[in-house]
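Q: Need the 3D shape of this:
(chains A and B)
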Amino acid sequence: MFRHNTLRYGALVLLAAGAVAHAVTAGYFGLEILTEILILAILVLALDIVAGFGGMVSLCHGALMGVGAYAFALLSTKAGISVPLSMVAAVAITGAGAWVVGAVCARSHGIYFIMATLAFGQMAYSYVFEAPVFGGDDGLGGISRPDLSLVGIDLDDSRSFALFCLAALTLVYGAAVITLRSGLGRSLSGVMHNAQRMRALGLTVWRVKADIFGVSGMIAGLAGVLAAQHSMYISPGLLNWTVSGEALVVVILGGLGTLVGPLVGAAAFVVLKHEVSALTSYWHLVVGSILIAVVLSRANGIFGWVEARWGAKLDRRLADSTRGTEAQEVTGDA
Amino acid sequence: MLELQGLDKSFGAVHVTRNVSMKLERGERRVILGPNGAGKTTLFNQIVGELTPDKGTIHLAGQDVTGLSVAGRARQGLSRSYQKNTLFDGLTVEENLGLAAAVHTGHATRLWSDSLAKPEVREIVAEVANQVNLMPYLHAKVSEVSYGVRRQLEVGVALATRPMVLLMDEPTSGVGPEMSKGFHDLLNNLPRDLTILIIEHDMDLAFDVADTITVLNYGEVVFDGLPEAARGSKLLKEIYLGSWEDA
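A: Down below sits the predicted model:
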C-alpha cells in the first residue's frame, strides 16, 4: 500500500530543487536533456502505478504514449482543434484506449499479461506505421506547443518548456498520489496482494485493474503529448515495444513501487545514456550491466537501495527526537 | 436465509457432492462435520461460487444466486473465511480489515477519497477488531503477528463485509488448545442474527456453537439434526464420532 516516508519527501524536495536549479541555469543542451528526463519521468510514473502497485507489468506503455502523441498531433494539426483542447482530448482518448486494454488484459496474469499488453502495443505500432493518415514511416510534423503569450510565457523557448514539463510532472505526481491513496488505489493494492480474497469480499477485480490502467494510460498519454510538443515531430518509433521496454528498465533501475524511484531512474537513465554515449556507441552495454547489478543486488533499484539503508533509520531518528521533544515539554509543563 | 437444493458436483468419475440440500434460518449456526474427503470444502466452494455445481440451486435470502460470480454473491451478503489464511500479508491488520469494510461501504472503487480514512470504514474496522480481539494488533503487519492472530484476522476480514451469512472453513485449523478455547468465546460473541455455517474438526467447538449439525460422508448428507441427536446417532459413531468418543 502506498506510503510516503521522510526519505521519500526529502528525495522529492531534492529532485524538485535540482530540476528547478538546472532549468534556471542550464544552457540549451542541458535544457533539452532535462526536458527528456521530465517527459520520461511522467511515462515511468504511469508505468509504476500499474506495475509497482498493481503487479501489472505492461509492455504497451510506449504505445500508449504514442497514441497520446498521435492523437494530439492529428487533432491539433489536421482537425484544426486548438492546442489546449487537443491536449485534453488526446489524454482522454489515451485513457479510454488504455481502459479497454486493461479490461481485456485484466483476466490474465504474469507472463500472459505481459504478452497481451505487448500484442496490443505492437498492433498499435503496426497500424500507425501502415495507415496513411498517420504519415507512415515519415511521421507527422508541424506540431505546436501551447500558446501562453497571454501570461507572458513563450513555450517555444527551451527553458520555459522545460519548466512547463516540470509543472506537468508535479501535477502528475500529485494525481498519482491521490489515485494510490484513493479507494481505487487501496483496492489495487489488495488485488496485488491477494486477488482471490478481494474477489471473495465482493470486489469486481477486473474493473479495478481496468480503471487503474485507464488512469495510467491518461498519464502516459500526457507524456506523449509533451513528447510531441518537445520534438515538434513524431514517428511510429514512439509506439515500438522497445520504448515500453526502456520504460520498464527505468522503473526497475529507479525502484519499482516507490513512485519516487522511477523519477530517480529517469534522471539516472537519461544522464547515463548521454554521458556514456559520448564515450562509446556501446552505451547499452553499460546501462545493461548496471541494470543487472541493480537486479542482482535485490535492493529494488537505486532508490530502493537508499531506502533500505537509510529510510528506516531516518524515520526512527525523527520519531525519537519527536518523543524527546514531547518528554521535554511534559517535564517543562510539570 | 441460505437454502441449498440438490447440489451435485463431480470431478471426472469422482462424485464429490451428491444431492446436498440444507436450509439455514436467520441466525442459525450450523456445523458441517465429516471425515477428510467428505466434500465439505467442495460444498463451501460451490456455495460461494468458486466452483459451479453440476446440478442444484443456491438461494440467499430468497434470491437465486447460483448464477452469480464469487464477487456477486459476496455483495449479496455471503462471506467466507478460508481454511488456509488468505490475507493481505504485506499490509497491516487494520488495512486488511479496512479493505474488506471499504468494499462493503462502496468506497473501494472511488477515485477521489481515501477509503481507509472514511468514518464508516473506520467504524466497521474498530467494531470487527473488537469482536475478534484484534485491537492490540491493528498497526502490526500481518507477516509480523502470530499464526493464531492471523486466524482471528481471517475471520475478521470475512466479518468486515457485514455479511448476512458467514461461512467458516475450519477456523481453528492449526491453532493450539488455548487459542481454540478463545475461538469458542469469539464465535459465541458474534451477533446472534448472523447466520453461520462452519466446517470444523474440533468436536468441542462444534458442539459448543452449533444449533444444528449436518454430517457429510462421501459427498452425501447422512445426518441433519440437533447436536443432542448427533451425539446419540449410531450411524455417526460408525463413520465419524467413534474416534471422538473413544478419545
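
Q: Strands of the chain, start to end?
A: Picking chain A for this. Using DSSP state E, the strands of chain A run over A:140-141, A:233-234.

Q: should've been chain B
A: Under DSSP E, chain B gives strands at B:2-11, B:14-24, B:29-33, B:55-60, B:63-64, B:78-81, B:165-169, B:195-199, B:212-217, B:220-225.

Q: ok, back up a step: and among the strands of chain A, the most buried is which?
A: strand A:233-234 (a mean of 20; mean count of other Cβ atoms under 10 Å in any protein chain shown). For glycine as for every other residue, the C-beta is placed from the backbone atoms N, C-alpha and C.

Q: Please enumerate residues in contact with it?
A: Outside strand A:233-234, the residues that touch it by Cβ atoms under 8 Å, 6 or more residues apart in numbering or on different chains are A:66, A:69-70, A:73, A:139-141, A:143, A:227-228.

Q: which of these sit farthest apart?
A: By the measure Cβ to Cβ, A:Gly66 and A:Gly141 form the most distant pair in the contacts of strand A:233-234, at 15.6 Å.

Q: on that earlier part again, so which of the strands of chain B comes closest to A:Val100?
A: strand B:78-81 (31.3 Å).

Q: So in that sheet, which strands flank that closest one, and in what orientation?
A: strand B:165-169 (parallel) (DSSP bridges).

Q: distance between the strand it pairs with and the chain's centre?
A: Centroid separation for strand B:165-169 versus its chain: 2 Å, with Cα atoms, centre = their mean, to the nearest Å.

Q: Skipping its backbone neighbours, what lies nearest the residue in the stretch 1-150 of chain A positioned nearest to chain B in space?
A: When scored by Cβ to the nearest Cβ, the stretch 1-150 of chain A has A:Met1 as its residue closest to chain B, at 5.6 Å. Of all residues not flanking A:Met1 in the chain, A:Ser189 sits nearest, at 4.4 Å (Cβ to Cβ, 6 or more residues apart in numbering or on different chains).

Q: coming back round to it: I'd like the strands of chain A written out as CSV, with mean pLDDT added.
A: Shown next, in CSV, are those (pLDDT from 0 to 100):
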stretch, mean pLDDT
strand A:140-141, 91
strand A:233-234, 94
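
Q: Which of those strands sits closest to A:Leu203?
A: Smallest distance to A:Leu203 across the strands of chain A (Cβ to Cβ): 38.6 Å, for strand A:233-234.

Q: center of chain B - which residue?
A: Central residue of chain B (Cα atoms, centre = their mean): B:Met168, 1.7 Å from the mean position.

Q: What's the local residue count around residue 192?
A: Just so you know, I chose chain A. Neighbour count for A:Met192, taken as other Cβ atoms under 10 Å in any protein chain shown: 21.

Q: look at chain B instead
A: Using other Cβ under 10 Å, B:Arg192 has 9 other residues around it.

Q: residue boundaries of the helices in the chain?
A: Since you didn't name a chain, this refers to chain A. Listed in chain order, the helices of chain A (DSSP state H) span A:6-25, A:28-54, A:61-73, A:83-105, A:110-130, A:158-181, A:183-200, A:205-231, A:241-254, A:260-279, A:283-296, A:301-306, A:312-333.

Q: sorry, should have said chain B
A: Along chain B, the segments classed as helices by DSSP H run B:40-48, B:70-75, B:93-105, B:119-131, B:147-159, B:177-188, B:203-209, B:227-232, B:234-236, B:242-246.
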